[in-house]
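**Q** sequence unavailable; structure follows:
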């Protein structure tokens, strides 16, 4: 029974959780890059620099939260004696 649960959880993490985390990380990185672009483009305008700085901050904060969640998931998997998962593997095989 535990093997079936282990296999199910491994597949959920690899096929659902990891792609969602990757998508959110990509979105946060795009927000960060957009903020850098706005900051540089609006170098002469204080409001544009503030908007760019705000986007940079939110992008970095999003990346920290996303990678923190990824770390928490891996710690939880390790705590429950589930095999360490990397993208492209199922059940640590």
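**A** Happy to help now that I have it. Computed from a predicted model, the values in this text were never measured in an experiment.
**Q** all contacts plus neighbour counts: C-alpha atoms, from now on.
**A** OK.
**Q** now the longest helix along the chain: buried residues?
**A** When the chain is parsed with DSSP state H, its longest helix is helix 46-79. Within helix 46-79, the residues scored as buried using 16 or more other Cα atoms under 10 Å are 48-56, 58-60, 62-63, 66, 70, 73-74, 77.
**Q** near residue 2, how many other residues are there?
**A** 7 (other Cα atoms under 10 Å).
**Q** ok, now which ones touch it?
**A** Counting by Cα atoms under 8 Å, 6 or more residues apart in numbering, residue 2 makes contact with nothing.
**Q** do you know how far it is from residue 49?
**A** Going from residue 2 to residue 49 by Cα to Cα, to the nearest Å gives 54 Å.
**Q** coming back round to it: packing partners of the longest helix of the chain?
**A** helix 18-41 (3 or more Cα pairs under 8 Å, 6 or more residues apart in numbering; DSSP states H and E).
**Q** for stretch 24-39, buried residues please.
**A** Those would be 24-25, 28-29, 31-39, for stretch 24-39 by 16+ other Cα under 10 Å.
**Q** residue ranges with poor pLDDT in the protein?
**A** 81-93 (pLDDT under 70).
**Q** one more time with 90
**A** Within the chain, the ranges that satisfy pLDDT under 90 run 1-22, 43, 67, 69-93.
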